[in-house]
Structures are given as structure tokens and as C-alpha cells.
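In: Got a sequence here, can you build the structure:
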Amino acid sequence: IEALNPAVYTIVEVCDQSNIANFSYTTVDEVVCAAEFSERLLSQVIMNPGITRVFDELLTFERGNEVYLMPLPQETVGMTFRELHRRLLQSRVILVGVESGEPGKRKISLNPGADTFRFRLTDKAVVIAFDQELPKTV
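Out: Numbering: from 1, shown residues only. Here you go, the predicted structure:
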């Protein structure tokens, strides 16, 4: 697929997490191991009984809130995590983290330093929201 159209966002699902490394030399955009997520979810349930209901809502598009990675408008550049969190919360959007870094080396940071982290134009917000649109005024 990547050879035919490199612009297509490609995702590969592997059954065994030891096979993830085999895809590091390919041009796929993401590799998902459902078994690995299942193991992590079971660990969470052991430590937090009932937590599956939270993940169920966050991963179901037909109802409630979902988790989104959202690009940020120019006006958010330089804002601290706390400032943007407060502004988004007024529109019932909960800021939980940021995706930042150089292309190919982007990382997710959940709950970064409230007053030390400042957003850059290339960052994306990790939010919990009803839909994938940010409010018109942030």
C-alpha cells in the first residue's frame, strides 16, 4: 500500500508483540498489537476494578467522549499546559497531554508540568471530548 500511495496512513496489526520490531524497517505509520493492549487492560483492572467502563466509553464512538489528538491553532503557541487546560475546559474539552517532538520521533506526554510545559505550533493536544473539533476560540 505504501508503495502505491505513500500518503495513505497505514496501520499494521500484529498478534505477537515480539513481531513489532520486524516493522521498524518498513514505512508503515503505526503498528498495533491488540494482545499487548489486552494485557495492559487486564493489569489496570486488577489494580482498579471497574476501570474497563472508562476505557469502554473512551474507545466507543457511538456514545459519550473519546480521546483525540488535535492540532492546535497559532494562538496557543507559548501557552502553558495549565492555561490551555483552563480554556478548553470552558468548552467541556479536557486536556490530558501533548504529542510533541520531531517527525518520526514524536512522543506522548500525559499530564506534563502544568506551568513549565509550553505549547509549540507543531504540538498536538491529547484531549477527551465529544467530538474532534476544538472550540472556535481557544
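In: Mind listing residues that contact the top helix by length along the chain?
Out: Among the segments of the chain that qualify as a helix by DSSP state H, the longest is helix 34-47. Contacts with helix 34-47, where a contact means CB atoms under 8 Å, 6 or more residues apart in numbering, come from 13, 15-17, 51-52, 55. Every C-beta, even on glycine, is put in place using the N, C-alpha and C of the backbone.
In: Keep only those of those residues that are in strands.
Out: Among the contacts of helix 34-47, the ones falling in strands (DSSP state E) are Glu13.
In: how about the contacts of helix 34-47, which pair is most distant?
Out: Farthest apart among the contacts of helix 34-47 by CB to CB are Asp16 and Ile51. That separation is 25.5 Å.
In: Which one's more surrounded, these two?
Out: Counting neighbours by other CB atoms under 10 Å for Asp16 and for Ile51 shows that Ile51 has the greater number, 13 against 10.
In: Which residue comes closest to that one once chain neighbours are left out?
Out: Nearest non-adjacent residue to Ile51, counting by CB to CB, 6 or more residues apart in numbering: Gln44, 5.2 Å away.
In: how many other residues sit next to that neighbour?
Out: As a burial measure, Gln44 scores 14 neighbours (other CB under 10 Å).
In: go on, the one 10 residues further on?
Out: Neighbours of Val54 under the rule other CB under 10 Å: 11.
In: distance of it from Asn22?
Out: According to CB to CB, to the nearest Å, Val54 and Asn22 sit 33 Å apart.
In: likewise Met70?
Out: Taken as CB to CB, the span from Met70 to Asn22 is 31 Å.
In: Give me the more crowded residue out of those two.
Out: Using other CB under 10 Å, the more surrounded residue of Met70 and Asn22 is Met70, with 18 against 12.
In: and the more buried one, what element?
Out: strand 66-71 (DSSP states H and E).
In: How about Arg120?
Out: For Arg120, there is no enclosing helix or strand under DSSP H and E.
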